[in-house]
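Trainee: Curious how this folds, go ahead:
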Amino acid sequence: MNVRHHRQRAGHTGRLAALIVAAGLAGLAGCASTTPNPPLPTVPSVDLARYVGTWHEVAALPNRFQKQCVADTQARYRQTGATIEVVNRCRTADGKVDDITGVAKVVPDSGNAKLRVSFFRPFYGDYWVLALGPDYRWALVGSPSRQYGWVLSRAPQIAPTDLDAALARAQALGYPRTAFRTTPQTQPLD
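Mentor: Alright, predicted model coming up:
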């Protein structure tokens, strides 16, 4: 490697490092807020044996990590000892099925209502069960920042009264109800 090439490479590395630091600082600045959210209550407890299985996303707050999903979004949960395997799947615009597998851990002393989920270890995100319908027919799930929120249903289609109950609960918890977008459930992924 000649000296000129080494200096150019070092310059690129320095600019890349500066961009990473700037992005990190911008991200931290975005975390600061002058009006903090009030605490977000969860359901008192979740029976994990009843909660595991397949859930269909029927409405969600748009987010960057699901932008490829256009329909048929679902999550499958399976207990594997002290953790829960999470498999998220969806249909993309070209008709293909996209999937990702992660792991969830119950937050101690949360009545199983708070989980920490990771698809890219060692990074974990909050997954809090905020409301549960009768017989675990539907669930409202979110994060304490209220940046993420999902309405899940055991069936691909949800009764309008159940969707209204979930979205009303989301609004009562400080979520912008009108920001939720319905998720088309058009055909099974299997």
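
Trainee: Can you give me the separation between the most centrally placed residue in the chain and G102?
Mentor: The residue lying closest to the centre of the chain (Cα atoms, centre = their mean) is Y148, at 6.0 Å. Using Cβ to Cβ, to the nearest Å, Y148 is found at 14 Å from G102. Yep, even glycine has a C-beta here, placed from its N, CA and C like the rest.

Trainee: and what of A165?
Mentor: Distance from A165 to G102, counting by Cβ to Cβ: 28 Å.

Trainee: same deal with A60?
Mentor: Noted for A60: a distance of 17 Å to G102, by Cβ to Cβ.

Trainee: remind me, longest strand of this structure?
Mentor: When the chain is parsed with DSSP state E, its longest strand is strand 69-80.

Trainee: what's the following helix or strand after it?
Mentor: Counting by DSSP states H and E, the next helix or strand C-terminal to strand 69-80 is strand 83-92.

Trainee: Off-centre distance for that following strand?
Mentor: How far strand 83-92 lies from its chain's middle: 11 Å, per Cα atoms, centre = their mean, to the nearest Å.

Trainee: For the nearest residue to V141 once chain neighbours are set aside, list the residues it contacts.
Mentor: Taking Cβ to Cβ, 6 or more residues apart in numbering, and ignoring the residues beside it in sequence, V141 has W150 as its nearest neighbour in space, at 4.9 Å. Counting by Cβ atoms under 8 Å, 6 or more residues apart in numbering, W150 touches 57, 59-61, 140-142.

Trainee: Understood, closing this out.
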